[in-house]
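**Q** Quick one, structure for this:
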Amino acid sequence: MRCPYCAHDETQVVETRESDEGDVVRRRRRCTKCDKRFTTYERAEIALPAVVKRSGARVEFDPAKLRASMTLALRKRQVSIEQVDAAIERIQDKLLASGLREVPSTRVGELVMRELKRLDKVAYVRFASVYRSFEDVDEFSRLIKEI
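**A** Model prediction:
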């Protein structure tokens, strides 16, 4: 670890502590050159795949965007925040398990629709009506009959 004060490459770990949740490690370090102390934090980095939009643009997977779109579809429905969080977690788990570095946005949309269908049928129809861009009433009617 490089010293933030003198940029020397050699430091010693003086003290190590884990957070209460166990997801972060805090380390006190001392520079072997200037003898100053500083703190570093370590946490696991989860590499979710990039999302490839229909336009071909690649964007970082953003759980906040996912939460916003699901919350919009679930507005005024009796679904708890914990249920939404669990659904987002399942979507992230499926994306991680795929092992892909990039995933089409359509795949993410299908995963969201599957989770919404489990949570609330009305929210599923709301999301699907926007996501699938129905051209006519017959397509919308077929979706409702599926449920």
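**Q** which of the residues in stretch 68-83 are buried?
**A** Neighbour-count burial for stretch 68-83 flags 69-70, 73-74, 79, 83 (criterion: 16 or more other CB atoms under 10 Å). For the C-beta atoms, the positions are set from N, CA and C on the backbone; glycine is no exception.
**Q** Let me fix that, I meant to ask about stretch 83-99.
**A** 83-84, 87-88, 91-92, 95.
**Q** Tell me the one of these nearest Val13?
**A** Taking CB to CB as the measure, Gln92 is the one of these closest to Val13, at 31.8 Å.
**Q** Filter the buried residues of stretch 83-99 down to the ones in helices?
**A** With DSSP state H as the criterion, helices contain 83-84, 87-88, 91-92, 95 from among the buried residues of stretch 83-99.
**Q** who's in contact with the residue nearest the centre of the chain?
**A** Centroid-nearest residue in the chain: Pro63, 3.4 Å away (criterion: CA atoms, centre = their mean). Taking CB atoms under 8 Å, 6 or more residues apart in numbering, we find Pro63 in contact with 88, 92.
**Q** Phi and psi next, for it.
**A** Pro63 has phi and psi values of phi -60, psi -30 when expressed as degrees, to the nearest 10.
**Q** what bits of this protein have low per-residue confidence?
**A** Within the chain, the stretches with pLDDT under 70 are 131-140, 143.
**Q** how's it carved up into domains?
**A** The chain breaks down by automatic domain parsing into domains covering 11-43, 50-146.
**Q** gap between the two ends of the last one?
**A** Meaning domain 50-146. Terminal residues of domain 50-146 are spaced 31 Å apart (CA to CA, to the nearest Å).
**Q** hang on, the earlier thing: winner for burial among the domains of the chain?
**A** Compared across these, domain 50-146 shows the largest average neighbour count, a mean of 14 (mean count of other CB atoms under 10 Å).
**Q** I'd like the buried residues of stretch 83-99 as JSON lines, with distance to Arg107 appended.
**A** Below are those laid out as JSON lines (distance: CB to CB, whole Å):
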{"residue": "Gln83", "distance to Arg107": "22"}
{"residue": "Val84", "distance to Arg107": "20"}
{"residue": "Ala87", "distance to Arg107": "16"}
{"residue": "Ile88", "distance to Arg107": "15"}
{"residue": "Ile91", "distance to Arg107": "10"}
{"residue": "Gln92", "distance to Arg107": "13"}
{"residue": "Leu95", "distance to Arg107": "8"}
